[in-house]
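Enquirer: Have a look; sequence and predicted model below, questions after that.
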There are 8 protein chains.
Amino acid sequence: MKLTVYLAGQIHDSWRDEVKAKAQHKKLNVDFVGPQEMHDRSDSIGEDILGEQPGNVYRDDAASSMNNLRTQVLMNKSDLVIALFGEKYKQWNTAMDLSTALTMNKPTILIRPESLHHPLKELSNKSTVTVETIDQALQALGYIFE
Amino acid sequence: MKLTVYLAGQIHDSWRDEVKAKAQHKKLNVDFVGPQEMHDRSDSIGEDILGEQPGNVYRDDAASSMNNLRTQVLMNKSDLVIALFGEKYKQWNTAMDLSTALTMNKPTILIRPESLHHPLKELSNKSTVTVETIDQALQALGYIFE
Amino acid sequence: MKLTVYLAGQIHDSWRDEVKAKAQHKKLNVDFVGPQEMHDRSDSIGEDILGEQPGNVYRDDAASSMNNLRTQVLMNKSDLVIALFGEKYKQWNTAMDLSTALTMNKPTILIRPESLHHPLKELSNKSTVTVETIDQALQALGYIFE
Amino acid sequence: MKLTVYLAGQIHDSWRDEVKAKAQHKKLNVDFVGPQEMHDRSDSIGEDILGEQPGNVYRDDAASSMNNLRTQVLMNKSDLVIALFGEKYKQWNTAMDLSTALTMNKPTILIRPESLHHPLKELSNKSTVTVETIDQALQALGYIFE
Amino acid sequence: MKLTVYLAGQIHDSWRDEVKAKAQHKKLNVDFVGPQEMHDRSDSIGEDILGEQPGNVYRDDAASSMNNLRTQVLMNKSDLVIALFGEKYKQWNTAMDLSTALTMNKPTILIRPESLHHPLKELSNKSTVTVETIDQALQALGYIFE
Amino acid sequence: MKLTVYLAGQIHDSWRDEVKAKAQHKKLNVDFVGPQEMHDRSDSIGEDILGEQPGNVYRDDAASSMNNLRTQVLMNKSDLVIALFGEKYKQWNTAMDLSTALTMNKPTILIRPESLHHPLKELSNKSTVTVETIDQALQALGYIFE
Amino acid sequence: MKLTVYLAGQIHDSWRDEVKAKAQHKKLNVDFVGPQEMHDRSDSIGEDILGEQPGNVYRDDAASSMNNLRTQVLMNKSDLVIALFGEKYKQWNTAMDLSTALTMNKPTILIRPESLHHPLKELSNKSTVTVETIDQALQALGYIFE
Amino acid sequence: MKLTVYLAGQIHDSWRDEVKAKAQHKKLNVDFVGPQEMHDRSDSIGEDILGEQPGNVYRDDAASSMNNLRTQVLMNKSDLVIALFGEKYKQWNTAMDLSTALTMNKPTILIRPESLHHPLKELSNKSTVTVETIDQALQALGYIFE
């Protein structure tokens, strides 16, 4: 059995590489998908395709339509969503992706430092599993294959 | 025709009162529902019902189960969700409620100051309508009744 | 038993008034809802609420978000959709509303002059009922109450 | 990951060949499906199978049942729908296919010349992505694989 | 609590009147709906509305579109479907209505003489309740209100 | 706003009366529904309606079809399910009703003595809220109306 | 693209062999599935597995649970349902399978002799395609692959 | 055709090995999945991943989130659920998994000794098939492939 896992969350660091490396090390039969991780590309993709827009809000709107296309295709294909919240960014997208997955009856793993539990408490309570570290998320993922 | 509208968003100020007063002034046939607005009650409701919990994360988890019960009942009853994002708080709950509504095929109005457009761009693009002020949201709501 | 009926179709003439008058004359227990029928308001509603936009495409996009909000709320409330196609306009919105209703398992009545059958043949074949005149649509609607 | 993409739109020219050639050139892992592109066959398929019908409306109705069978099978299999609107034809079928896909939670790319934005504004606003050219649609499709 | 009950089955006798009278006698809070019971009207309704058709199959197809419109509206409104099979007719419509209700997660009561059990065995096994007489169906319906 | 609440659980004592009395005392605007509470009637209802069956398994099967009819109608009408597990009985029906509600996206309150937590841990984790007493369940229900 | 097609209908002759042979001759990439075709096995399967039952109705009920298991698994896997009605049998199962497929949004082909159009008119009107012969059904199936 | 079958039920003995061995002997093309069968691991998995919890209820809640993650992923992938009830344990999880499958329109086989029929009568009545032994379940499973 092979699982497809969507990795929702910030695109400001390389946490997805850590997830992938550790999954490979554990020999989990998983394909990982996720958002565009090159931040500049993610912000400019609307104008890259549609040309210059008349201001930042329009630029953002054009970019987000491309990002939403990508996310919707890949999440529809996924068996499971892992969502990581960090301390630095607002990450409303992460909450959006996680809630979308939950409402579509997709199982989810939420990763957040304990310090973020309070503002994330309702999302944590709705998620299938909540953990604090990537290692714990990998253990939860690995448990499915035991 | 009467509509039931869920007001998702921060519970740190009285923006819902403003919405209700303005809707009444416009004589819109709307019932408003929403989360518990007394912040302390919202945080303590788990322990209020279940008794003391062994630490903050457990306290939060107990509270959030009660808050999620309330939100799920009321949102299932709603025809429309208005979600307000402000500059001060992380409001992951607001993103959660908005995404849940969108995935359930409920129409939505997102309110945010223009300054927040960038981090909210994907949510804004998925929402049925995005506005900047409560007055604009009321105009959009009123348009349904024209 | 009272039915709510969404009247999809052109907003360039007063065909909805004819439908309503004839339904009243037949004493059908029906509430009719539909799109904004004041054409100028329908086109300007985005700028009316959000302020001037940087060009026609943006103006149209702002207006359509308000029109889509209205349609989604009212169609979710409807038991039946009547969609009228006339010879003069492209009426892609009418096809959109009709297909949305069909996909949501809402019964539909398509009205079109025989001259339009060819380009509408697939939509006609998918619709629950196809007729040529408003009078026929009213007879079909009345048949539900017999 | 391989995607199946339904190409909705006019069958009066060879735009699908252009899409396929460009996707191959970009080495996108995509299977394209779509309606019958031989216009005469599409119009006569009902009589080809069922025999002569008693007039044009009946002929069209027979043909459309075969076309709807084909579209429903192929769209159910698709991960994404690309819908192209051109200036020459009414293309209510394209609006029908696009709306069906949107209501089924399938991501969509709408292609239309800017000149058509006004009559397509509500459909454009509901679509995941709107572009003006086939090249832009391919870039959006390619972005999913980046 | 009031229930709406769709009465599927033959329209060749007055079994629905018996159901209604007995429900009234038991003072059950139920609204009954169902197909057109005037057989001739049910067969001619297509031509009554659309005018003469070019042969019996076309006449039937026109009539059935009107009957399907009626059934779909009324069944969508129903909480429960009672389906009666008799020995005289093929009643594929009854099987159609019953299966549609079962697939839509609507509870069902199947009434059939024991003599028909064999050809109805799969439908009987899928139905929520199977009984042999109208009196038994009324008892089952009444049990919901106990 | 009025809520309809299904009370799933054992029918061997009068816990539902306690729930109803306490809800009335709190003036909650709630209609309570639930299974047949007269145990003998619940066991004999199949034979009461269908006549004697050829053995206990067949008797049980006949009774359960009537009980399932009742539950399905009433649960479809409910906004919320409260499920009580006691120490004495196996109550697989309670687990069945609770899981059905959860899968249908209905919010739930699970009541169980702490002593039962271990065998109910997965159901508890999936339920919206878990409490230990009827009083706590009423407080959770009341919280929705605050 | 490979399609899985469920062949609903009578099991009293070898019409499915004809379908399979003709599909192979046309080189259609199709897997056919369907009900148990050995009539005796289909009737005795309940007792074959569960042992002797206390009468014919119980024997039939046991058999039908096994047949329904088979049909549900195979139909869930299918992309398309072909349903054949013949003149000899009541074939309520065929109507059941066809309606189940239609309600699950699976495309369908109904085959019936013209003589059966009247009693099948509503089912025919709801089906995606109606034809009179197996050859026509194969042409319709083949059209999907053109 | 290959089927994926979820084996719900007690994890206190090796009944799943018997199922797998017998399926292999019958050469059924089936992949079996199911819950964690190492009882201690199933109980400790929460603390194994998340660290020590402040008491048994919290320990159980942590474990159950991991078990629910596993079950949800695997059940979403399954075509069929076989649920075994034994005499020794309460097995509310088995009832939960079976009801979840039924509500998701997955076909089910319930295995229970006749002695348990009474408390399981409603679940048995809702299940697609009920049998008493593993051998019978395998025969039912094999019947799908005949």
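Expert: Perfect, I can see it now. Residues are numbered from 1 along each chain as shown, chains lettered A, B, ... in the order given.
Enquirer: where along chain A do the helices fall?
Expert: For chain A, the helices defined by DSSP state H occupy A:15-25, A:39-50, A:56-76, A:92-103, A:121-126, A:134-145.
Enquirer: Residue most distant from the centroid, chain A?
Expert: A:Pro54 (29.7 Å; Cα atoms, centre = their mean).
Enquirer: Hmm, C:Tyr58 and it touching each other?
Expert: Yes - contact criterion Cβ atoms under 8 Å: A:Pro54 and C:Tyr58 qualify, at 7.0 Å. Any C-beta I mention is one placed from the backbone N, CA and C, and that applies to glycine too.
Enquirer: what's the closest of the helices of chain A to B:Val129?
Expert: Nearest to B:Val129 among those is helix A:56-76 (12.9 Å), distances taken as Cβ to Cβ.
Enquirer: so what secondary structure elements neighbour that closest one?
Expert: Contacts defined by 3 or more Cβ pairs under 8 Å, 6 or more residues apart in numbering or on different chains; DSSP states H and E place helix A:56-76 against strand A:3-9, helix A:39-50, helix A:92-103, helix B:121-126, strand D:129-131, helix D:134-145.
Enquirer: Could you dump the ones you listed into CSV with distance to B:Leu50, mean pLDDT and mean neighbour count added?
Expert: Below are the helices and strands packed on helix A:56-76 laid out as CSV (distance: least, Cβ to Cβ, whole Å; pLDDT from 0 to 100; neighbours: other Cβ atoms under 10 Å in any protein chain shown):
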stretch, distance to B:Leu50, mean pLDDT, mean neighbour count
strand A:3-9, 31, 98, 22
helix A:39-50, 42, 97, 18
helix A:92-103, 23, 97, 25
helix B:121-126, 33, 98, 24
strand D:129-131, 47, 98, 26
helix D:134-145, 45, 98, 20
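Enquirer: For chain C, find the nearest of those.
Expert: strand D:129-131 (8.6 Å; Cβ to the nearest Cβ).
Enquirer: The closest one and chain B, are they touching?
Expert: No - if you take Cβ under 8 Å from any Cβ of the partner chain as the test, strand D:129-131 misses chain B, and the best it gets is 9.7 Å.
Enquirer: How much space separates the closest residue to chain E within chain A from C:Ala23?
Expert: Going by Cβ to the nearest Cβ, chain E is nearest to A:Asn105 of chain A, at 15.8 Å. The spacing between A:Asn105 and C:Ala23, counted by Cβ to Cβ, to the nearest Å, is 41 Å.
Enquirer: more neighbours, the two?
Expert: C:Ala23 (19 against 11; other Cβ atoms under 10 Å in any protein chain shown).
Enquirer: Quick one: name the residues of chain A near chain H.
Expert: Within chain A, the positions lying close to chain H (Cβ under 8 Å from any Cβ) are A:1, A:3, A:79-80, A:105-107, A:109, A:128-132, A:136, A:139-140, A:143-144, A:146.
Enquirer: what residues are up against the residue in chain A that chain C sits nearest to?
Expert: The nearest approach of chain A to chain C comes at A:Pro54, 3.6 Å away (Cβ to the nearest Cβ). By Cβ atoms under 8 Å, 6 or more residues apart in numbering or on different chains, the contact list for A:Pro54 reads C:Pro54, C:Gly55, C:Tyr58.
Enquirer: A:Gly34 now?
Expert: A:Tyr6, A:Leu7, A:Ala8, A:Arg16, A:Leu74.
Enquirer: can I get the residues you listed in TSV with distance to C:Pro35?
Expert: Conversion of the contacts of A:Gly34 to TSV gives the following (distance: Cβ to Cβ, whole Å):
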residue	distance to C:Pro35
A:Tyr6	37
A:Leu7	41
A:Ala8	36
A:Arg16	44
A:Leu74	34
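Enquirer: okay, among those, which ones form the most distant pair?
Expert: Greatest spacing in these, by Cβ to Cβ: A:Arg16 and A:Leu74 (12.9 Å).
Enquirer: And A:Arg112, how far from A:Gln136?
Expert: Note on A:Arg112: its distance to A:Gln136, by Cβ to Cβ, is 11 Å.
Enquirer: okay, now A:Gln36: neighbour count?
Expert: 19.
Enquirer: ok, now A:Gln91?
Expert: A:Gln91 has 27 nearby residues by other Cβ under 10 Å.
Enquirer: Please look at it and A:Gly9 and confirm they touch.
Expert: Yes - taking contacts as Cβ under 8 Å, A:Gln91 lies within contact range of A:Gly9: 6.7 Å.
Enquirer: Give the intersection of the neighbour lists for these two.
Expert: In contact with both A:Gln91 and A:Gly9: A:Phe85, using Cβ under 8 Å, 6+ apart.
Enquirer: thought the residue of chain A closest to chain E was touching H:Asn76?
Expert: Yes - A:Asn105 lies in contact with H:Asn76 (Cβ under 8 Å); the separation is 7.3 Å.
Enquirer: Surely A:Met1 touches H:Asp31?
Expert: Yes - contact criterion Cβ under 8 Å: A:Met1 and H:Asp31 qualify, at 7.1 Å.
Enquirer: overlap in contacts of these two?
Expert: Common contact partners of A:Met1 and H:Asp31 (Cβ under 8 Å, 6+ apart): H:Thr4.
Enquirer: thinking again about what came up before, so what's the backbone phi/psi at the residue of chain A closest to chain C?
Expert: phi -80, psi 50 (degrees, to the nearest 10).
Enquirer: quick check, stretch A:83-102 touching chain B?
Expert: Yes - remark: stretch A:83-102 sits within contact range of chain B at A:85, A:89-93, A:95-100, A:102, by Cβ under 8 Å from any Cβ.
Enquirer: so which of these comes closest to chain D?
Expert: A:Thr100 (10.1 Å).
Enquirer: how near is that closest one to chain H?
Expert: 16 Å (Cβ to the nearest Cβ, to the nearest Å).
Enquirer: Repeat that for A:Val81.
Expert: 11 Å.
Enquirer: List the contacts of that residue.
Expert: Here A:Val81 is in contact with A:Val5, A:Tyr6, A:Ala8, A:Met75, A:Asp97, A:Leu98, A:Ala101, A:Lys106, A:Pro107, A:Thr108, A:Ile109 (Cβ under 8 Å, 6+ apart).
Enquirer: for the closest residue to it other than its chain neighbours, what are its contacts?
Expert: Once flanking residues are discounted, A:Val81 sits nearest to A:Ala101: 3.9 Å by Cβ to Cβ, 6 or more residues apart in numbering or on different chains. Neighbour list for A:Ala101: A:Tyr6, A:Ala8, A:Met75, A:Ser78, A:Val81, A:Ala83, A:Thr108 [criterion: Cβ under 8 Å, 6+ apart].
Enquirer: and if you look at A:Thr100?
Expert: Taking Cβ under 8 Å, 6+ apart as the test, what A:Thr100 contacts is A:Met75, B:Ser99, B:Leu102, B:Thr103.
Enquirer: tell me which of those is nearest to chain G?
Expert: B:Thr103 (18.8 Å).
Enquirer: Hmm, the closest one is touching A:Asn105, no?
Expert: No - judged on Cβ under 8 Å, B:Thr103 makes no contact with A:Asn105 at a distance of 10.2 Å.
Enquirer: pLDDT at A:His12, what is it?
Expert: In this model, A:His12 is scored at 80, pLDDT.
Enquirer: Would you list the phi and psi of it?
Expert: Backbone geometry at A:His12, expressed as degrees, to the nearest 10, gives phi -100, psi -10.
Enquirer: Nearest spatial neighbour of A:Leu7, chain-adjacent residues omitted?
Expert: A:Gly34 (3.9 Å).
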